[in-house]
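Enquirer: Below is the sequence, then the predicted model.
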Amino acid sequence: MDTFLENARRIFEVATSDASDAGRDRHEEFAVLVRPDGGLHILMENTPALDSTALAMGARTAYRVSRSGLGVRVEGREEGRRCLLENQSPARGWGELLRDSPLYTITSPLLTSGSPAGSAFTPAMRFA
């Protein structure tokens, strides 16, 4: 396998191996730059332009790692090549399917405005 892709896979494995829920509510992002001599330079702050950061630091290969409760993402760039490894948390998918808020509510006409006070009880539905 290509060194560029193998390193991306290894970084991804390490980033996804932490099974603790401690960082679940936090968003962590850092960059790993590989210099021409093989040395690593790790930037712990948010680096919006990975290509220009790698160029400024003299790196030939750069990887950005993003971790949050939504999952892990590793983006790699090297001399016109790109790769992306992404893993979405299973909790995210279920959270979208099983909502906490109802899609509709049933109310009594006595609680809604504009209904006659003497009318018979007929429930009204409102959609959210």
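Expert: Thanks, I have it.
Enquirer: What are the buried residues along the biggest helix by length in the chain?
Expert: If you go by DSSP state H, the chain has its longest helix at helix 3-17. Using 16 or more other CB atoms under 10 Å as the test for burial, helix 3-17 gives Phe4, Asn7, Ala8, Ile11, Phe12, Ala15. Quick note: C-beta positions are derived from backbone N, CA and C, even for glycine.
Enquirer: which element follows it toward the C-terminus?
Expert: strand 28-34 (DSSP states H and E).
Enquirer: Neighbouring strands - and their directions - for that next one?
Expert: Applying DSSP bridges, strand 28-34 is found paired with strand 40-43 (antiparallel), strand 61-68 (antiparallel).
Enquirer: which residues sit against that strand?
Expert: For strand 28-34, the external contacting residues (CB atoms under 8 Å, 6 or more residues apart in numbering) are 7, 11, 40-47, 50, 53-54, 57, 59-68.
Enquirer: List the buried residues in that strand.
Expert: Glu29, Phe30, Ala31, Val32, Leu33, Val34.
Enquirer: Gly76 falls within a helix, correct?
Expert: No: Gly76: not assigned to a helix; according to DSSP: H, G, I helix; E, B strand; the rest coil it is strand.
Enquirer: thought it was touching Glu6?
Expert: No: look at Gly76 against Glu6 with CB atoms under 8 Å: they stay out of range, at 10.6 Å.
Enquirer: now, which of the buried residues of helix 3-17 sits nearest Leu85?
Expert: Distance to Leu85, by CB to CB, is smallest for Phe12 among the buried residues of helix 3-17, at 4.3 Å.
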